[in-house]
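[1] Provided below are the primary sequence and the corresponding predicted coordinates.
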Protein chains: 2
Amino acid sequence: MSDRAAWIELAHGIEPADGAAARLLASVGPDRAVDLIRSGRSGLRHGEGIAARMSGVTAEQAEDRAHAAGTRIVTRVDRDWPTQLDALGAMVPMALWVMGAASLRLLALRSVAVVGARASSPYGEELARSWSADLAAEGWTIVSGAAFGVDAAAHRGALAAGGVTMALLAGGVDVPYPRAHAALLGAIADQGLVVSEVPLGEPVRRQRFLSRNRLIAALGRATLVVEAAERSGTAATAHQAAALLRPVLAVPGPVTAPTSVGCHRLIQEGTAMLATGLPDVMAALDLDAGSGRGADAHGPTGSGEVRRRDHLDATSRRVLDSMPARRWATAAELVRASGLAPADMLAAAARLAVDGWLVEGPNGWRRVREPAA
Amino acid sequence: MSDRAAWIELAHGIEPADGAAARLLASVGPDRAVDLIRSGRSGLRHGEGIAARMSGVTAEQAEDRAHAAGTRIVTRVDRDWPTQLDALGAMVPMALWVMGAASLRLLALRSVAVVGARASSPYGEELARSWSADLAAEGWTIVSGAAFGVDAAAHRGALAAGGVTMALLAGGVDVPYPRAHAALLGAIADQGLVVSEVPLGEPVRRQRFLSRNRLIAALGRATLVVEAAERSGTAATAHQAAALLRPVLAVPGPVTAPTSVGCHRLIQEGTAMLATGLPDVMAALDLDAGSGRGADAHGPTGSGEVRRRDHLDATSRRVLDSMPARRWATAAELVRASGLAPADMLAAAARLAVDGWLVEGPNGWRRVREPAA
């Protein structure tokens, strides 16, 4: 059995962030773990339940089902795996179900988590919407949880700006949650990605919200908390991001507003930096020109994947020089501006996207600022 | 000539925070400095101007004039000198003109500076008012600058709570500034103190506002910034307090409010801690029970002046035990409650106030929490 097939089958039986199962996987590998679990010799206390959930599910069937539902499965060993998640160590998901055409890995490379209270205020919603719109317009993927309040405002801001956004769900990607956001999730899948580590058809559960939050924290190169109540899932996401050494930012608000209590706490305890505007978020993302730290100060991406301009071939440079500075460009526009044959332009744009120079959206490409040396 | 007389005369000629004059004073002392200045041998470039301002002013005349105006002069060498100001080093004022009956030194011992924008918002004014009221009700002196906006709200909050407050003016204490606050300043002098380092009748000047701010920063055991515009005198006061190693707190607000920009900046740059409520201020004042740092972690006051309960004599302890926990007590009430003769009660209360157990207000005394060991 291939590792890919093993991860897919395991993902049907093992709950997200199951520490005991993670230790087994780390010690024997996915293929052998499937055997041990199916034969009742895994030694896991809850091994029978896992085996029961895996019974009658083959990787092939799961793939067929995923394709039939207009989704795909990306496992740890696949090319499109978002490497940021590897920061989760033993708690890395086994597989991700993905709805949407864009590359998960490439969108994740330039992503910001924008999270906050479900019971948000107009103040928080407007900030989430407008900051997400501006970040998305700069080519950043807005990662959030599709919940009411701040999450939805963040997704909507990115969509309205013609940018890309990624919704991480606690249930299956074909189980819109909350149900009132079915249309929003459809729009996100059209223009970005809807992602979950639990298989199709799986319902949300309390524990799955918590484990889903770790994916949001790990995917974002930085996490922006717009509003948060005192003890909340939002604060938990912020703490997880901080534990992964990702920059965390929180937006202050009136001290009289319960919706800002969690943000103020995160700032006071040193978990989050205070953010008053987009420049603070950009600074945290280490994109300040001349900061000397470069794009890889946080997270696994960086100079290994993002190469400097003078190493580009002539065709790629021509495409890059044809890109408008601050907006999306369609393929037709780039063919015209670069004077290249469409096939050459498309090939160069694909290379530039892989190398981190451009970000690929549903309707074209957008420039990424030049990484520091 | 006594040092006291020399300081008074010098204070008539030398502008606040005059560095060159401060160096002269430090090297030859006040008495000799008076001689050198009056005889034109001070070596100061602006020595003639200083001598001109000092001409025809004797300490005796100044004292007479102060008394006639219902004020008094407190110099560096006097018993009522607020020792917190010594943290200013060479920039310590030479003398202070004081309007109001309370002890300057004792009020300053338990003081919090509450400062903020003149162009304040209702949000900031309400916070300044209510926090100052609560701090004053706990026996803290609210120190501020009597300006429009946050300053006035802070003074008014303290007055409304029956507490004490201290206004530091940039001009003479008999020159109400701003003029619209003449009645407010009168109420402050009745229930607290109006203080300035420039002589009676002196007008405000731009430079005097800046030097006055350093007194507010130095007098407060902590400085609370309620609202501040981006570049402002308020931010300058906060920086001066931080430079004196006093805790500085700033209240956040909506990132969309220009009145909170300065507070957010102070927090971001690490000058101020974020404060969401009175507990944050109290924690910064090191009054948390069991903090182990005691009352003298900041500023010059502390165990030298505040002694522990078991060292108190029986009469003092009886007065202390008669004090209500959280409000002011009049002399009559304490005589009744302690069962002591009025003279004994008054003597004990005076000792307790000097030792930092009680704070003396215009209408009685208030308990101070037990200092840490």
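    Looks like it arrived, so ask away.
[2] use CA for all of it now, contacts and neighbours both
    Will do.
[3] ok, A:S196 touching A:M99?
    No: the pair A:S196 / A:M99 is not scored as a contact, 9.0 Å apart, by Cα atoms under 8 Å.
[4] these two: which has the busier surroundings?
    A:M99 (28 against 25; other Cα atoms under 10 Å in any protein chain shown).
[5] over to that one: give its phi and psi.
    Backbone geometry at A:M99, expressed as degrees, to the nearest 10, gives phi -110, psi 120.
[6] show me what contacts it?
    For A:M99, the contacting residues are A:G70, A:T71, A:R72, A:V173, A:A189, A:L193, A:V194, A:V195, by Cα atoms under 8 Å, 6 or more residues apart in numbering or on different chains.
[7] now, of those residues, which are buried?
    A:T71, A:R72, A:V173, A:A189, A:L193, A:V194, A:V195 (16 or more other Cα atoms under 10 Å in any protein chain shown).
[8] from the residues you listed, which land in strands?
    A:R72, A:L193, A:V194, A:V195 (DSSP state E).
[9] let me know how buried the closest residue to chain B within the stretch 51-200 of chain A is, in neighbour terms.
    The nearest approach of the stretch 51-200 of chain A to chain B comes at A:Y123, 8.1 Å away (Cα to the nearest Cα). As a burial measure, A:Y123 scores 16 neighbours (other Cα under 10 Å).
[10] what is the mean pLDDT for the helix or strand hosting it?
    Per DSSP states H and E, A:Y123 falls inside helix A:122-137. In this model, helix A:122-137 carries a mean pLDDT of 97.
[11] for stretch A:313-321, same thing?
    On average, stretch A:313-321 scores 85.
[12] likewise for stretch A:159-172?
    97.
[13] output that stretch as PDB, nothing but the C-alphas.
    The C-alpha coordinates for stretch A:159-172 follow below in PDB (Å, rounded to 0.1, in the frame of the first residue of the first chain):
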ATOM      1  CA  LEU A 159     -13.800  37.700  -1.800                       C
ATOM      2  CA  ALA A 160     -15.000  41.200  -2.400                       C
ATOM      3  CA  ALA A 161     -11.400  42.300  -3.100                       C
ATOM      4  CA  GLY A 162     -11.200  39.600  -5.800                       C
ATOM      5  CA  GLY A 163      -8.600  37.900  -3.600                       C
ATOM      6  CA  VAL A 164      -8.300  34.400  -2.400                       C
ATOM      7  CA  THR A 165      -9.400  32.900   0.900                       C
ATOM      8  CA  MET A 166      -9.300  29.600   2.600                       C
ATOM      9  CA  ALA A 167     -11.900  28.200   5.000                       C
ATOM     10  CA  LEU A 168     -10.900  25.500   7.400                       C
ATOM     11  CA  LEU A 169     -13.900  23.500   8.500                       C
ATOM     12  CA  ALA A 170     -14.300  21.300  11.600                       C
ATOM     13  CA  GLY A 171     -16.600  18.900   9.700                       C
ATOM     14  CA  GLY A 172     -16.400  17.500   6.200                       C
END
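[14] gap between the two ends of stretch A:196-205?
    End-to-end distance for stretch A:196-205, by Cα to Cα, to the nearest Å: 13 Å.
[15] buried set for it?
    Those would be A:S196, A:E197, A:V198, A:P199, A:L200, A:P203, A:V204, for stretch A:196-205 by 16+ other Cα under 10 Å.
[16] contact partners for the first one?
    I take that to be A:S196. A:S196 neighbours (Cα under 8 Å, 6+ apart): A:L96, A:W97, A:V98, A:L168, A:L169, A:A170, A:G171, A:G172, A:V173, A:R212.
[17] quick check: A:G163 touching A:V143?
    No: if you go by Cα under 8 Å, A:G163 and A:V143 don't touch, sitting 11.6 Å apart.
[18] neighbour count for these two, which is higher?
    With neighbours defined as other Cα under 10 Å, A:G163 and A:V143 compare such that A:V143 has more, 33 against 30.
[19] got the contact list for the helix or strand hosting the more buried one?
    Using DSSP H and E, A:V143 falls within strand A:141-144. Contacts with strand A:141-144, where a contact means Cα under 8 Å, 6+ apart, come from A:107-108, A:110-115, A:132, A:135-136, A:151, A:154-155, A:158, A:163-168, A:216, A:219-220.
[20] pLDDT score for the residue nearest the centre of chain A?
    Geometric centre of chain A, nearest residue: A:L219, 4.2 Å, by Cα atoms, centre = their mean. At A:L219, the model reports a pLDDT of 96.
[21] tell me the secondary structure at the nearest residue to it once chain neighbours are set aside.
    Spatial nearest neighbour of A:L219, excluding adjacent residues (Cα to Cα, 6 or more residues apart in numbering or on different chains): A:Q84 at 5.6 Å. Assigned with DSSP: H, G, I helix; E, B strand; the rest coil, A:Q84 falls in the helix class.
[22] tell me the spacing between A:Q84 and A:L169.
    In this structure, A:Q84 and A:L169 are 18 Å apart, going by Cα to Cα.
[23] which of these two has more neighbours?
    Here A:Q84 and A:L169 are set side by side on neighbour count (other Cα under 10 Å), and the busier one is A:L169, at 30 against 22.
[24] parallel or antiparallel, which strands does the lowest-mean-pLDDT helix or strand in chain A pair with?
    Least confident helix or strand of chain A, by mean pLDDT, DSSP states H and E, is strand A:358-361 with a mean of 78. Its sheet considered, strand A:358-361 pairs with strand A:364-367 (antiparallel) by DSSP bridges.
[25] hmm, who's touching the partner strand?
    Strand A:364-367 has contacts (Cα under 8 Å, 6+ apart) with A:138-139, A:320, A:323-331, A:349, A:357-360.
[26] mind listing what the nearest residue to A:R326 once chain neighbours are set aside touches?
    Among residues not flanking A:R326 along the chain, A:E138 sits closest, at 6.6 Å (Cα to Cα, 6+ apart). For A:E138, the contacting residues are A:R326, A:R327, A:R366, A:R367, A:V368, by Cα under 8 Å, 6+ apart.
[27] for chain A, give me the ranges with low pLDDT.
    Within chain A, the ranges that satisfy pLDDT under 70 run A:287-311, A:362, A:369-373.
[28] what parts of it come near chain B?
    A:V251, A:P252, A:G253, A:P254, A:V255, A:H264, A:I267, A:Q268, A:M273, A:L274, A:T276, A:G277 (Cα under 8 Å from any Cα of the partner chain).
[29] could I get those residues as a markdown table with neighbour count?
    Below are those laid out as a markdown table (neighbours: other Cα atoms under 10 Å in any protein chain shown):
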| residue | neighbour count |
| --- | --- |
| A:V251 | 29 |
| A:P252 | 31 |
| A:G253 | 26 |
| A:P254 | 20 |
| A:V255 | 19 |
| A:H264 | 29 |
| A:I267 | 22 |
| A:Q268 | 18 |
| A:M273 | 25 |
| A:L274 | 28 |
| A:T276 | 22 |
| A:G277 | 13 |
